[in-house]
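J.: attaching a predicted model along with its sequence, questions to come.
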Amino acid sequence: MFEQLTERLELVFKKITGRGLLNEKDVKEAMKGIRIALLEADVNYRVVRQFIADVEKRAVGQDLTKSVSPGQQVVKIFNDELVSLLGDKHCPLVESPQPPTVVMMVGLHGSGKTTLSGKLAKLFRNRGKHPLLVAADIHRPAAKKQLEILAKSIDMPFYTNDLNARDICHEAIKHAKEKLYDLVILDTAGRLQIDDELMAELIDIKRKVKPSEVLFVADAMTGQEAVNVASTFNEKIGITGVALTKLDGDARGGAALSIKAVLKVPIKFVGVGEKLDAIEEFHPERMASRILGMGDIVTLVEKAQKTVDFEKAKKLEKKLRKQEFTFEDFLDQLKQVKKMGPLESLLELIPGVGGKLKGLPIDDKALLRIEAIINSMTKQERRNPSIINGSRRKRIARGSGTSVQDINVLLKQFAQMQKMVKKFSKLSFKGFPQGFPI
Amino acid sequence: MMNRFVEGLAKTRNGIFGRIGGLFNKKIDEEFLEILEENLILADVGPGPTASIINVLKENRDDNPFEVLKEEIYKRVNVVSPKDVSREPKPSVIMFVGVNGSGKTTSIGKLAARFINEGKDVILAAADTFRAAATEQLGLWAEKVGAQFIKSVTGADPAAVAFDAIKAGVAKGADYVLIDTAGRLQTRVNLMEELKKIKRVANKAMAGAPHEVWLVLDASIGQNSFSQVELFNRTVGLTGLILAKLDGTSKGGAVVAISDKYELPVKYVGLGENTRDIEVFEPRKFAEAFVKK
């Protein structure tokens, strides 16, 4: 399913990228595809409707910059909207000016509150805090035991007693003050938002302990109902942040996006694995590409916008058309690509490439070598490689610290590239990203 | 007596299909279809299956939309299971799998209570040796409902626990051996391999075991359910589904598409935290409650 969704989005975007101009119909068609992709990612129906309307409005009649092809611009608009839905920047945990900071974890059954409590404690201990884990789930069998074992496994202070949930929390904070713990994490029982009795328990706890944060813990795999559940929790007890769990699977977490969009409550943490250090602070822009499963094209486009010299790119295009592409132009291209950062990280940003290339060695040095070789050529040689004979090759190899074989390989590849360029120019330049470095 | 299954679903349908109730009296038009689409998607039926249901309604514009819709839902969830637990060998070994927090342990506890109530001998096997206190949690259930309990220590080989439990079941002539496994995300290759091993070893303890492998799905799950069913099915070959936590406001609509696509029957639905809160899944009633005016 995961691949299917990614493929669908890629298909949608493929249709519009590489086009010289986009009309309203193209955009509509793309929006249809995006809509289905979002719904399959569990983004709430109503949020999708609003979202599509927003993207469409911005995309139609957009002054498409010279920088990228219009299709890519649509992708960028799409991502921008997604990020603005998810929040503009990371929101850190709110800390109480007077210790201890009290964080209350709430949510449905099985959303992952207990595990996340442990992860949070560990994260903040690593930052020099002194957390106390408090088990206040008096309902599920062995729930307190679970947190206790968990706490012990990471050598974390733990507190509970046999009172009711509110009094456990109250006593825990007293205990924390005595022992100078400055972060108290309250793990409450999972409950349905329509269970009035249990919701009253939470209200009771909140009133008593006045937490700085009430984190709503949401399972990344939740469907359309996520918004309603979170809304009810928010109405009844007031939540200050969302923590998203089980994001290490192939769930797209569209539910989280919806919660943020509807409640305007920031997503603060995400759980990304079984281990207790598998927790990350939430960054909206990363989540955007995660939901899309499409790499981080935004960063790539931004990098290109920042580093590529568009006047040069235009000249290059002209040269290509006239089949005058030389080693000098090639060197220019190499330098521009290099400016954008290491190859490996660039590839990861490309939709559909990132995951597949993981673990494959990518040799940045190969580029360096090529650069060195070209630098060792005379200007004449660069413009007219056909004059590079045996003795010139030896000289270039010596100058660049490579071997004659390396020179041979590069010359051969360059000849092939020129051939390809010829073919391209015969095919006319439709479907070729305008002004984009090749 | 009010049927608890319908009662549980009552909460589920509130406010959703209630909204289109009024529309059911009129003809099927674009407005109707749009609202219906919204409601089906909000019930987690998914965009693809929703479109196919809408198409059927379009083709039957003159029929009563309420009946057509009900029939479409029913057709999809009414999967005849190839095997039936009631005429199984002794003991009947059922392995429970699912992602973290889907409700495996609670479902097992409640099922055990149900079987014991029917006069059966039940053994619970704590093959979740990973999660902190998972063994204790199942142990408390065993104590509460009066089931025999086979466990090991945290970190022990879960396959060995399953093996011991099945052997004990055979020796004692138990009716059911229910194996609780650790929750795992379906994308974790190593953990999925571990499930394969449990299944393999179970078969060594008793030929044909496990006779059933049930995937426990949280009723609030969205479209990730497909990936779960696909990957768990590929790894251990599922024979049924448990729809847990259907007492919330989620409709469990994901099973409509899943049952249909994978021909997997929903066996039981979980409706709460008490011992009695589990019911046999009834396709007709589910369809009715799902679509209820």
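T.: Cool, got the structure. Numbers count the residues shown, from 1 in each chain, chains lettered A, B, ... in the order given.

J.: CA atoms for contacts and neighbours, from now on please.
T.: Will do.

J.: what's stretch B:89-104 in contact with?
T.: A:109-112, B:85, B:108, B:166, B:169-170, B:173-186, B:209-218, B:228, B:232, B:244-245 (Cα atoms under 8 Å, 6 or more residues apart in numbering or on different chains).

J.: list phi and psi for A:Ala136.
T.: phi -120, psi 20 (degrees, to the nearest 10).

J.: now do the same contact list for the residue in the stretch 1-150 of chain A positioned nearest to chain B.
T.: Closest residue of the stretch 1-150 of chain A to chain B, Cα to the nearest Cα: A:Gly110 (3.8 Å). Counting by Cα under 8 Å, 6+ apart, A:Gly110 touches A:190, A:219, B:100-103.

J.: kindly recompute the last result at 10 Å.
T.: Neighbour list for A:Gly110: A:189-191, A:217-219, B:99-103, B:218, B:245 [criterion: Cα atoms under 10 Å, 6 or more residues apart in numbering or on different chains].

J.: out of these, which sit inside strands?
T.: A:217-219, B:218 (DSSP state E).

J.: got CSV for those residues, with pLDDT and neighbour count too?
T.: CSV is the format used below for the ones in strands among the contacts of A:Gly110 (pLDDT from 0 to 100; neighbours: other Cα atoms under 10 Å in any protein chain shown):
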residue, pLDDT, neighbour count
A:Val217, 96, 29
A:Ala218, 94, 28
A:Asp219, 92, 30
B:Asp218, 94, 30
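
J.: can you redo the residues you listed as a markdown table with distance to A:Ala30?
T.: Output for these, formatted as a markdown table (distance: Cα to Cα, whole Å):
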| residue | distance to A:Ala30 |
| --- | --- |
| A:Val217 | 33 |
| A:Ala218 | 30 |
| A:Asp219 | 29 |
| B:Asp218 | 33 |
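
J.: how about A:Ile370: what's its closest non-neighbour residue?
T.: Spatially, and ignoring its direct neighbours in sequence, A:Ile370 is nearest to A:Leu410 (7.4 Å; Cα to Cα, 6 or more residues apart in numbering or on different chains).

J.: wait, B:Ser250 sits on A:Leu108?
T.: No: B:Ser250 is beyond contact range of A:Leu108, at 11.7 Å (criterion: Cα atoms under 10 Å).

J.: quick one: which of the two has more around it?
T.: Ranked by neighbour count (other Cα atoms under 10 Å in any protein chain shown), B:Ser250 and A:Leu108 place B:Ser250 first, with 29 against 23.

J.: could I get the phi/psi values of that one?
T.: phi -70, psi 150.

J.: now do the SS call for the residue nearest to A:Ile370.
T.: Recorded secondary structure, A:Leu410: helix (DSSP: H, G, I helix; E, B strand; the rest coil).

J.: can you tell me how far it is from chain B?
T.: As for A:Leu410, its distance to chain B is 41 Å (criterion: Cα to the nearest Cα, to the nearest Å).

J.: how many residues are close by A:Lys174?
T.: Neighbours of A:Lys174 (other Cα under 10 Å): 13.

J.: got a list of what it touches?
T.: By Cα under 10 Å, 6+ apart, the contact list for A:Lys174 reads A:100, A:180-181.

J.: out of the residues you listed, who's nearest B:Pro283?
T.: Set against B:Pro283, the nearest of those by Cα to Cα is A:Pro100 (52.4 Å).

J.: quick one: residues contacting that closest one.
T.: With contact set as Cα under 10 Å, 6+ apart, A:Pro100 has these partners: A:130-132, A:173-174, A:176-177, A:180-185, A:211-212.

J.: now the end-to-end length of stretch B:178-191.
T.: Terminal residues of stretch B:178-191 lie 20 Å apart, using Cα to Cα, to the nearest Å.

J.: kindly apply the preceding question to stretch B:143-161 instead.
T.: Per Cα to Cα, stretch B:143-161 runs 18 Å from first to last residue.

J.: just stretch B:108-124 next, same as before
T.: 8 Å.

J.: sorry, back to before: name the residues contacting each of B:Ser250 and A:Leu108.
T.: Here B:Ser250 and A:Leu108 share the contacting residues A:229, B:220, scored by Cα under 10 Å, 6+ apart.

J.: quick one on the thing from earlier: for the residue of the stretch 1-150 of chain A closest to chain B, phi and psi?
T.: The phi/psi pair for A:Gly110 (degrees, to the nearest 10) is phi 70, psi 10.

J.: equivalent analysis for B:Leu124, please.
T.: According to degrees, to the nearest 10, B:Leu124 has phi -100, psi 130.

J.: now do the helices in the stretch 151-293 of chain B.
T.: For the stretch 151-293 of chain B, helices defined by DSSP state H, counting those that start in this stretch occupy the ranges B:158-172, B:189-205, B:224-236, B:254-262, B:283-291.

J.: gap between the strand or helix carrying A:Lys57 and the chain center?
T.: Using DSSP states H and E, A:Lys57 sits within helix A:45-59. Remark: helix A:45-59 is offset 21 Å from the chain centroid, using Cα atoms, centre = their mean, to the nearest Å.

J.: that helix - contacts with which helices or strands?
T.: Here helix A:45-59 touches helix A:24-40, helix A:70-86, helix A:254-263, helix B:30-42, going by 3 or more Cα pairs under 10 Å, 6 or more residues apart in numbering or on different chains; DSSP states H and E.

J.: spatially central residue for chain B, please.
T.: B:Ile242 (1.2 Å; Cα atoms, centre = their mean).

J.: nearest residue to that residue other than its sequence neighbours?
T.: B:Val216 is the one closest to B:Ile242 (Cα to Cα, 6+ apart), at 4.6 Å.

J.: the one you found and B:Thr239 touch, don't they?
T.: No: assessed by Cα under 10 Å, B:Val216 is found out of contact with B:Thr239, at 11.4 Å.

J.: pull up the overlap in contacts between those two.
T.: With Cα under 10 Å, 6+ apart as the test, B:Val216 and B:Thr239 both reach B:Val266.

J.: more neighbours, these two?
T.: Ranked by neighbour count (other Cα under 10 Å), B:Val216 and B:Thr239 place B:Val216 first, with 30 against 22.

J.: can you give me the domain boundaries for the chain?
T.: Since you didn't name a chain, this refers to chain A. Domains of chain A are assigned by automatic domain parsing as A:3-86, A:101-294, A:302-425.

J.: hmm, I had chain B in mind actually
T.: Split by automatic domain parsing, chain B gives B:2-77, B:85-281.

J.: between the ones you listed, which gets nearest to A:Ala143?
T.: So among the domains of chain B, domain B:85-281 is nearest, using Cα to Cα, at 7.4 Å.

J.: show me the shaky parts of chain B.
T.: By pLDDT under 70, the weakly predicted segments of chain B are B:1-27, B:81-88, B:293.

J.: 50 instead, please
T.: Along chain B, the model assigns pLDDT under 50 to residues B:1-2, B:13-16.

J.: same check, this time on chain A
T.: A:1-3, A:65-67, A:352, A:354-360, A:428-438.

J.: so which residues of it form strands?
T.: Listed in chain order, the strands of chain A (DSSP E) span A:101-107, A:131-136, A:158-159, A:183-188, A:213-219, A:241-245, A:267-271, A:279-281.

J.: pipe those strands into TSV and attach distance to A:Leu39 per row.
T.: Shown next, in TSV, are the strands of chain A (distance: least, Cα to Cα, whole Å):
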stretch	distance to A:Leu39
strand A:101-107	23
strand A:131-136	36
strand A:158-159	41
strand A:183-188	31
strand A:213-219	17
strand A:241-245	19
strand A:267-271	20
strand A:279-281	25
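
J.: is B:Asp260 in contact with B:Phe226, as I believe?
T.: No: B:Asp260 is beyond contact range of B:Phe226, at 11.4 Å (criterion: Cα under 10 Å).

J.: please identify the most buried of the helices and strands packed on helix A:45-59.
T.: Among those, the stretch with the highest mean neighbour count (mean count of other Cα atoms under 10 Å in any protein chain shown) is helix A:254-263, at a mean of 24.

J.: which other helices and strands does that one contact?
T.: helix A:24-40, helix A:45-59, helix A:70-86, strand A:213-219, helix A:226-237, strand A:241-245, strand A:267-271, helix A:284-292.
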